[in-house]
Structures are given as C-alpha cells and as structure tokens.
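Asker: Got a predicted structure here, sequence first:
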Amino acid sequence: MKWFLLSILLSTQALANLHLAPPDFETHLGKAIFVDFEKAEYNVTYNVLWKRSQVKSRIEFKADKKGFPVFDLIPGPVRAKLNGKPVSIIQTTAPDGSKLRQVNAEVGPGLHVLEMENKLSKNIRYSLRRTVSSAFWIRDLKYRKFLEQYIPSNFEFDQYQMIMNVTFSGIKKARQDIYTNGELTQTSPNSYRIVYPEYFTVSSPYFHTTPRGQKKRLDFTYKSISGRIIPITVYTSWWSHPRKFKLETEKVLKELEADYGPWAHPSFVAYETLPGTGGMEHAGATQTSFAALDHEMLHSYFAKGVMPANGNSGWIDEAIASWRDKGYQRKPLPDFVSSNLGAHSPYQRNTDKRAYALGAEFMAYLDYRLQDIGGLKAFLKGYFQAYKHTVITTEHFKNNLEFFSGLDLTHDFETYIWGENKSSEDESYEVSPVHKEINHNQLEMML
Ligand SMILES: [Zn+2]
C-alpha cells in the first residue's frame, strides 16, 4: 500500500520533469533555461549514392519562464529556426565548465518550436553496394555520449515523444535491416518510421541499421509472468550464432521477472558484440558481449525502467546491477570509508566509474540493514513496480528506502554517497568488465 500512495502523488507530474532539471544559469546572452521537450521528430537521411548523412529535426518544447533555452547536440547545427524565424545556436558553458547548446533568442513561458539540421558522421559506414551501416549507440560513463552525439536532444531528466523517419536516398528500394526498441513501420520502398515510447529519455532509444541479411538474427516471443507476449530479437555477426543469446535471454528474463516483476518494455532487442567488449544498455535493448548480457538486461529494470535523472543518480543502477553480478551479497558495513558518488556538479551527466565497486558495497550494506523486512530485493521489487517509466534521483531513492524500512539513512547517504571523496586513489575501483571503455574504431568495427 505504501507504494500506491506515493505513486498517485507523483503521477500528476508524469513526463513533466522540469523540477528535476539542473539549475538555470547566467550566460552573456542572459539566463540560460532548461526546457521541457514535448515531442521531437527527426528526419534522418542516408544518401547511399553520395555517402552523406543528414538529420532535419523539429522539436516542440515548453518553457516555464523567460530565458534562452539550452539543449545539446555535438555536430554543429545549421539552418536553425525558432517558431519559424531564423535563429543561431551557440555553444555555451554551464557553471561547472561543461558544454551544451543554447538558442540565441529569448523565449517566454509557453510552447515553442525549434527546427534545425545537422550532419551525421559518427558510427556510419557506407558500402559500394549502396547500403549503409549506422548505429546510435551510447555510453554513460563518459560525458556527452547520449543521443546528442547524433541528434538534438534534451538531458536525462526529460521524457518525451521521439519519432525517427529514416530515408535511404539515392536508391529506389532500400536493402536495409533495422533493429530498434521503437515501433517500426515501413513507409515507402526506401523509408521507415520509428515511434519510440513516450517514457523514453535521451539514453533510451536503440537504432541500428545494417545491409539486409548482414547479421544473423532470431525473432521469437517470450510469455511474461503478466501473460503478455513479448517480441524478442537477438542478432549477431558472422562469427557467432544468436541461438546462445536466445537461451541466455530466456534464462535471465525468468530470473528478473521472478525477482522484480513483469518486463516493462514493449519488446527486447539484443546485439551480440565481440567477447571482452562489455556492453551498453538501452530501454529494452542492448548491444553487448555474451558475458555482460545479464547485467545489461537488469538495466532494463534499473537504469531504463526506473531511470536516473542525471549523473548524480546514475550510480544507483550500476550499484544494483553490480550487486546482482556479485551474487547479492549482504554486509554489515561497506568496505570503503566514504565517497561522493552522488555529489558531483548538478550539471554532471555521466555516471561515476566507481559506482560498480563502491555502489555494490553500499547495496550489500543496505541489504544488511533491511534484512528483517525481506532485504533490499523486496524493496527494489516494490520500487520498480511503483516507479518504472519514471525518472528518479538519489534523494528519491533514499526517501523511499526510509519510507519502506522506517530507518533513518541520512548518515549513511551523507557518508557513503554524498560524503568526502576518499576512494579516488584506488584505481581498481574504476575497472568495470561490463561497461568497458571502447574506442571509436572498436565501435565502428561493431557496425
Ligand atoms: Zn551497468
């Protein structure tokens, strides 16, 4: 019952997450304001004849005050328009020194439309046979590695409707396969439309296109404990067979549904990458080596089911996933003195690399504290049921833990999560086998 009360309180705010945005800040133009994306439509064109890739975007956003809107996009935007009038987009700097984009025009409270174009150049490989390989892969341990690498995007606090219209021009009939966690329809012999669920954030969508038949794929279904039939696609390159991914997927789904409840995404898609490359989670999707598949699937519950609002809450899902990887240990004390895992700049977007090692220790300790009431897993099951498809912060996690357990965890959070940084010296805390740092060339090889 406890869960229900809080959910009702929160549901009125669903998807309008501006209260979770970082603080607005002053720039030489005037006040930079964070805004609420309502809908983003991206027209992505791959010209397979001239080997050029381009995106035309149209974003409807809401401002709640007067100011100069901020968002992000790494490739330089051109031909931008605000409410139909030409506008320039500049690069600006947040108070912590991090970079983002700012619209060089002041808006008032209300609904606005921002349009722009940009070139796509990352993770694309054209072939001589008028086909293309391209993927919008992301990373969360490094800064500016979400969708802003490819298309104009908001920050993780925001959930909004994303639609991608993908056209393969320079050819009458596209010979492409598309793998995605959105709803895919073919709209002409050479174009497709992908509609992503409205609860998605900038780190949720999965998109990968390859020349037709290049990957080995298996499509099958899984009957959830809810009774729902979940469509699943697993695929791999020539050196492997998706059969073992299918078996592992079924095994892990069974475990996760038993522990935390029904799968919460419309489908599941998984791409097997080379051994030793780790993986990355999307919402009901992953590109991952076989060894990290279970870890990435757990993230469809914590990371992309219950979702972090910012880099200061990213530690929670890595802590839970690593705690599971290590066999759900229970410890009377964490084996570190203190850390600032959740106490970086409010503009921080990436997860602290020590979240695996230190975070798992902290979860093992919480499990010890909660042992009389079913342990941490009992809490997490309820937390997931109540807050799946919503964006959360460390404060929200702490408040709910306290609400569930009746414990006062202020001292623990102030020591281990918002405390002094006493754990940065030990390099071993920064090594994670599941989310390895891989370079640009390695990513391109996976295409
Ligand atoms: Zn992880």
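Answerer: Received it, and whenever you're ready, just let me know what you need.
Asker: Run through who's touching the helix or strand that contains Thr286.
Answerer: Taking DSSP states H and E as the definition, one finds Thr286 inside strand 285-288. Contact with strand 285-288 is made by 135, 137, 180-181, 206, 208, 268-273, 278-281, 293, 295-297, 299-300, 446, as judged by Cβ atoms under 8 Å, 6 or more residues apart in numbering. In short, each C-beta sits where N, CA and C put it, glycine included.
Asker: Who does it pair with, and is each partner parallel or antiparallel?
Answerer: When sheet partners are counted by DSSP bridges, strand 285-288 sits next to strand 268-272 (parallel), strand 279-282 (antiparallel).
Asker: Need the buried ones from the contacts of strand 285-288 selected in PyMOL.
Answerer: The PyMOL selection below is limited to those of those classed as buried (16 or more other Cβ atoms under 10 Å):
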select buried, resi 135+137+180+181+206+208+268+269+270+271+272+273+278+279+280+281+293+295+296+297+299+300+446
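Asker: pretty sure Asn190 is touching Ala174, no?
Answerer: Yes. Look at Asn190 against Ala174 with Cβ atoms under 8 Å: they come within range, at 4.1 Å.
Asker: Show me which of those two is the more surrounded one.
Answerer: Between Asn190 and Ala174, Ala174 has the larger neighbour count (other Cβ atoms under 10 Å), namely 26 against 19.
Asker: So the more buried one versus Tyr235, what's the distance?
Answerer: Here the criterion is Cβ to Cβ, to the nearest Å. By it, Ala174 lies 18 Å from Tyr235.
Asker: that older thread, to the chain's geometric centre, what's the distance from the strand holding Thr286?
Answerer: 12 Å (Cα atoms, centre = their mean, to the nearest Å).
Asker: That one and the ion, any residue contact?
Answerer: No. With Cβ under 5 Å from the ion as the criterion, the ion is not reached by strand 285-288; the gap is at least 9.9 Å.
Asker: quick one: average pLDDT of that strand?
Answerer: Across strand 285-288, the average pLDDT comes to 97.
Asker: again, but for stretch 267-278
Answerer: Averaging pLDDT along stretch 267-278 yields 94.
Asker: cool, stretch 437-447 as well?
Answerer: For stretch 437-447, mean pLDDT rounds to 81.
Asker: what's the answer for stretch 415-434, then?
Answerer: 74.
Asker: Then stretch 188-196?
Answerer: On average, the pLDDT along stretch 188-196 is 98.
Asker: which residues touch that stretch?
Answerer: 161-169, 171-174, 178, 180-187, 204-205, 207.
Asker: Buried residues, it. List them.
Answerer: Residues Asn190, Ser191, Tyr192, Arg193, Ile194, Val195, Tyr196 are the ones in stretch 188-196 that count as buried (16+ other Cβ under 10 Å).
Asker: Can you give the distance of that stretch from its chain's centre?
Answerer: 22 Å.
Asker: for stretch 404-415, same thing?
Answerer: What separates the centre of stretch 404-415 from the centre of its chain is 28 Å, taken as Cα atoms, centre = their mean.
Asker: same deal with stretch 53-73?
Answerer: 19 Å.
Asker: Would you mind measuring the gap between the ends of it?
Answerer: With Cα to Cα, to the nearest Å as the measure, stretch 53-73 spans 15 Å from end to end.
Asker: Okay, buried residues for it please.
Answerer: Neighbour counts using 16+ other Cβ under 10 Å place 53-61, 63, 67-73 of stretch 53-73 among the buried residues.
Asker: Point out the ones among the residues you listed that are inside helices.
Answerer: Assigned to helices by DSSP state H, none of the buried residues of stretch 53-73 qualify.
Asker: Pull up the per-residue confidence for Lys2.
Answerer: 47.
Asker: my bad, should have said Glu117
Answerer: In this prediction, Glu117 carries a pLDDT score of 98.
Asker: hang on, it in a helix?
Answerer: No. Secondary structure of Glu117 (DSSP: H, G, I helix; E, B strand; the rest coil): strand, not part of a helix.
Asker: Longest helix in the protein, please.
Answerer: The chain, longest helix under DSSP H: helix 243-260.
Asker: who does that one touch, helix- and strand-wise?
Answerer: Helices and strands touching helix 243-260, by 3 or more Cβ pairs under 8 Å, 6 or more residues apart in numbering; DSSP states H and E, are strand 216-223, strand 229-236, strand 268-272, helix 293-298, helix 375-387.
Asker: Report the inter-axis angle for the first one versus strand 229-236.
Answerer: Spelled out, that is strand 216-223. With axes from the mean of the first three to the mean of the last three Cα atoms, to 10 degrees defining the directions, strand 216-223 sits at 160 degrees from strand 229-236.
Asker: Check the shortest one too.
Answerer: Angular relation of strand 268-272 and strand 229-236 on a 0 to 180 degree scale: 10 degrees, by the same axes, to 10 degrees.
Asker: Can I take it that Phe403 is in a helix?
Answerer: Yes. Under three-state DSSP, Phe403 sits within a helix.
Asker: Counting neighbours, what do you get for it?
Answerer: Phe403 has 14 neighbours, counted by other Cβ under 10 Å.
Asker: ditto for Thr394
Answerer: 21.
Asker: Tell me the spacing between it and Lys99.
Answerer: Note on Thr394: its distance to Lys99, by Cβ to Cβ, is 24 Å.
Asker: go on, Ser133?
Answerer: In terms of Cβ to Cβ, Ser133 sits 29 Å off from Lys99.
Asker: Same check on Pro22?
Answerer: 14 Å.
Asker: Next: Thr221.
Answerer: Using Cβ to Cβ, Thr221 is found at 44 Å from Lys99.
Asker: Equivalent analysis for Phe37, please.
Answerer: Going from Phe37 to Lys99 by Cβ to Cβ gives 19 Å.
Asker: When the two are compared, which one has more neighbours?
Answerer: Higher neighbour count among Phe37 and Lys99: Phe37, with 23 against 12, using other Cβ under 10 Å.
Asker: How about that one: what's its closest non-neighbour residue?
Answerer: Tyr160 (4.0 Å; Cβ to Cβ, 6 or more residues apart in numbering).
Asker: okay, now that neighbour: neighbour count?
Answerer: 22.
Asker: so Val103 makes contact with Leu73?
Answerer: No. Counting by Cβ under 8 Å, Val103 stays clear of Leu73, with 11.3 Å between them.
Asker: Now list whatever residues contact both of the two.
Answerer: Ile89.
Asker: Give me the phi and psi angles of Ile138.
Answerer: phi -130, psi 170 (degrees, to the nearest 10).
Asker: same thing with Ala291?
Answerer: The phi/psi pair for Ala291 (degrees, to the nearest 10) is phi -60, psi -30.
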